[in-house]
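[1] The following comprises the amino acid sequence and a computationally predicted model.
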Amino acid sequence: MKLDDYTLAAFLSGELPSSKRSTVAAQLVQDAEARETLHLACEALAAALQHGPVQRHLEDRASRPPARPHRLAGDRAAFRSRRGEA
């Protein structure tokens, strides 16, 4: 199975359930292209978080329901609890 960008983004943001995280992690071991994509996404996120307006935008986006509510919504509460939100 090829990892798509949505799955890698969810993996990076911590929105995947632990069972799927394990599967993605195992696939990342085998897929150098996916690891490179994830690495580039990490670098882009780190650079974006250094700028206040971008950081506020990302925090605002994280507080809203996901754009694809049929996916990843189950882990939204876990994401908020890690950030200390209600």
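    Sure thing, it's come through. Numbering: from 1, shown residues only.
[2] how deep is Gln35 tucked in, by neighbour count?
    Careful, residue 35 is Arg and not Gln. 15 (other C-beta atoms under 10 Å). Glycine gets a C-beta too; all of them are placed from N, C-alpha and C.
[3] which residues touch the lengthiest helix in the chain?
    Using DSSP state H, we find that the single longest helix of the chain is helix 32-49. For helix 32-49, the surrounding residues in contact (C-beta atoms under 8 Å, 6 or more residues apart in numbering) are Lys2, Leu3, Asp5, Leu8, Ala9, Phe11, Leu12, Gln27, Leu28, Val54, Gln55, Leu58.
[4] Which ones among those residues lie within helices?
    Reading helices off the contacts of helix 32-49 with DSSP H, I get Asp5, Leu8, Ala9, Phe11, Leu12, Gln27, Leu28, Val54, Gln55, Leu58.
[5] which of those lies closest to Ser18?
    For the ones in helices among the contacts of helix 32-49, the minimum distance to Ser18 (C-beta to C-beta) is 11.3 Å, reached by Phe11.
[6] Tell me the spacing between the closest one and Asp5.
    11 Å (C-beta to C-beta, to the nearest Å).
[7] between these two, who's got more neighbours?
    Between Phe11 and Asp5, counting by other C-beta under 10 Å, Phe11 is the more crowded of the two (21 against 11).
[8] What sits closest to that one if chain neighbours are left out?
    Val24 (4.8 Å; C-beta to C-beta, 6 or more residues apart in numbering).
[9] Which residues belonging to the one helix or strand that neighbour maps to are considered buried?
    Using DSSP states H and E, Val24 sits within helix 18-30. Buried residues in helix 18-30, counting neighbours by 16 or more other C-beta atoms under 10 Å, are found at Thr23, Val24, Gln27, Leu28.
[10] Can you name every helix or strand that the host helix or strand of Asp60 contacts?
    Asp60 is located in helix 52-63, with elements delineated by DSSP H and E. If you count contacts as 3 or more C-beta pairs under 8 Å, 6 or more residues apart in numbering; DSSP states H and E, helix 52-63 packs onto helix 32-49.
[11] 10 Å instead?
    Here helix 52-63 touches helix 32-49, helix 76-82, going by 3 or more C-beta pairs under 10 Å, 6 or more residues apart in numbering; DSSP states H and E.
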